[in-house]
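Student: Structure for the following, please:
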Amino acid sequence: MSSVSSVSSESSASALPSGASVPPGAPGGPGEPSAARRRTAWAEGVDRLRAAATTEPGRLRAIGAVLALLLLVFGAATAWQVTDRSRAADDVVLRSQPLTADAASIYRSLADADTTAAGGFLAGGTESPATRARYEQDLATASRLLVKAAAQARIPGPEGRAADPAGTQIARLNTLLPRYTGLIETARTNNRQGLPLGGAYLRYANERMRTELLPAARELYDAERQRLAADVQRATARPWWALAAGTPALAALVWAQRRHHRRTNRVFNHGLLAATAASVAVLLWLVAAHVVARAGLTAADAHGARSLQVLNTARIDALRARADENLTLVARGAVLTADQKDFYEVDFQAKMGRLAGPADGPGPVGGAGELGRALVSAGDETGRGPVRDAVAALGQWRARHAAARAADDRGDYHRALAQVIGGDGSTGASFDRVDTGLERALVHEQARFRSAADRGRAAFGLLAAGAGVLAVVAAVAAVLGIGRRLSEYR
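Tutor: From the prediction side, this is the model:
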């Protein structure tokens, strides 16, 4: 009977006209609940996962996977941030600070070359070989350091590529320096021949130095100091991403162990306990290393770098004051200010005021002037001693300069000249003691900066690699701990 109806059904279906649809509810029609309709593989997989999650083994597998992922993310974030800060600390010690010191040396060498040239000009045909050698050494030092700085900077090229501020000033100095040396050689040649034109060339060269070369050198120094400050800031930045990744990882491990204890009444799961210990070790190592590194680099910046900045500025102002003192005798009143005062004498007194405060002020020991700030910023007595020597020599320099100016004002030029470029009793001898004291202080502060920065840099040490290894160990231990629990269901 059933076979007859089946045949009948097939016959009626085949008898339908071409293009006609099967009525709803008819065999093979759209309303028929067909077991032949297949579900997608994705839907079946989701159903299997949902079903597995309702069982304890499925939940344990999910917990193990989440724990391993959190721990690996924690290790990766720690390694990434520590590596970034370690590189910044390396830049501070090996690149930024040395370049800042080189920029300061370029500035000082140019100022000293100008001062030495003016002193040699005053000596006329009796310029000593030592004076000439010092001038050439200053130029050689400035040129060598410019080449070194250029290797670390982007110099503007013909194709129009952008240059950083340091590169722009390096290119500018490389253009201006040969012009300056040409003017000095012309001034020296005319001076040896007794031609007054030599003084005009010397004054013009000094004007180029003070209005073009030294401002460019100052901008180069400022650009390198800003780069140093940026590197210090980057090296001491807090590792927020690593801390943000470590906190949920530890919280998840604590929750998993508490869940294990509540379900099994067992105190410890050795795998989860090992993973927790490794994660705590990474977190404590990260915090301790950051604290030590931040303390060292901050101390290097707050004491060493700032003290170096004050000392460099004071030394350059002393050099420029010495050049003004020499040029006062070279110009002999030919260059005046707007109120008809000797330009170089006015500038000399301004530099002295910046160095030690007003002549009738409290003095540098009381905190006035750049030397007073250098005393305050010095970190120990070894650093303060040379600055005190410079303070004493500066007071002597002022007194001797006043005597030389009095002789020159009386018309006794030769006596004034002897008091400026003479032997032990001259202002030149006092200036040399000021310069020597500041140089000793600079060497000491440079060593202090390097020592503090090295301590900060060393704190990062093997942390990046260690954090990665410990994170992998923690992830493996967590998976093994969960696996031990899963084995109980087999």
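Student: buried set for whatever helix or strand residue 174 lives in?
Tutor: Per DSSP states H and E: residue 174 is located in helix 165-192. By neighbour count on 16 or more other Cβ atoms under 10 Å, the buried set for helix 165-192 is 165-173, 176-177, 180-181, 183-184, 186-188, 190-191. All C-beta spots, glycine's among them, are computed from the backbone N, C-alpha and C.
Student: what packs against whatever helix or strand residue 258 lives in?
Tutor: Here residue 258, judged by DSSP H and E, is contained in helix 240-264. Contact here means 3 or more Cβ pairs under 8 Å, 6 or more residues apart in numbering; DSSP states H and E; on that basis helix 240-264 packs against helix 56-91, helix 270-299, helix 463-486.
Student: Which one, of those helices, ends up nearest to residue 140?
Tutor: helix 56-91 (27.9 Å; Cβ to Cβ).
Student: other SSEs contacting that closest one?
Tutor: Counting contacts by 3+ Cβ pairs under 8 Å, 6+ apart, helix 56-91 packs against helix 41-53, helix 214-235, helix 240-264, helix 270-299, helix 427-460, helix 463-486.
Student: how about that helix: buried residues?
Tutor: So helix 56-91, judged by 16+ other Cβ under 10 Å, has buried residues 58, 60-61, 63-64, 67-68, 70-83, 85-86, 88-91.
Student: Following the chain onward from that helix, which element is next?
Tutor: helix 97-123.
Student: buried sites along that following helix?
Tutor: 97-122.
Student: what's the average pLDDT for that helix?
Tutor: Regarding helix 97-123, the rounded mean pLDDT is 89.
Student: Okay, angle between that helix and helix 56-91 too, please.
Tutor: 10 degrees (axes from the mean of the first three to the mean of the last three Cα atoms, to 10 degrees).
Student: how distant is helix 97-123 from the center of its chain?
Tutor: 25 Å (Cα atoms, centre = their mean, to the nearest Å).
Student: Next up, the contacts around the spatially most central residue of the chain.
Tutor: For the chain, residue 231 is the residue whose C-alpha lies nearest the centre (Cα atoms, centre = their mean; 2.2 Å). Residue 231 makes contacts with 88, 91-92, 95-96, as judged by Cβ atoms under 8 Å, 6 or more residues apart in numbering.
Student: at 7 Å instead, please
Tutor: Applying Cβ atoms under 7 Å, 6 or more residues apart in numbering, we find residue 231 in contact with 88, 91-92, 96.
Student: Considering the residues you listed, which is situated nearest to residue 380?
Tutor: Distances from residue 380 to the contacts of residue 231, taken by Cβ to Cβ, are shortest for residue 92, at 21.7 Å.
Student: I figured that closest one hits residue 233, correct?
Tutor: No. Counting by Cβ atoms under 7 Å, residue 92 stays clear of residue 233, with 10.0 Å between them.
Student: neighbour-wise, which of the two wins?
Tutor: Using other Cβ atoms under 10 Å, the more surrounded residue of residue 92 and residue 233 is residue 92, with 31 against 13.
Student: And the pLDDT for that one?
Tutor: 90.
Student: residues of the helix or strand containing residue 391 that come out buried?
Tutor: Residue 391 is part of helix 381-409 when elements are defined by DSSP H and E. By 16+ other Cβ under 10 Å, the buried positions in helix 381-409 come out as 383-384, 386-391, 393-398, 400-401, 404-405, 407-408.
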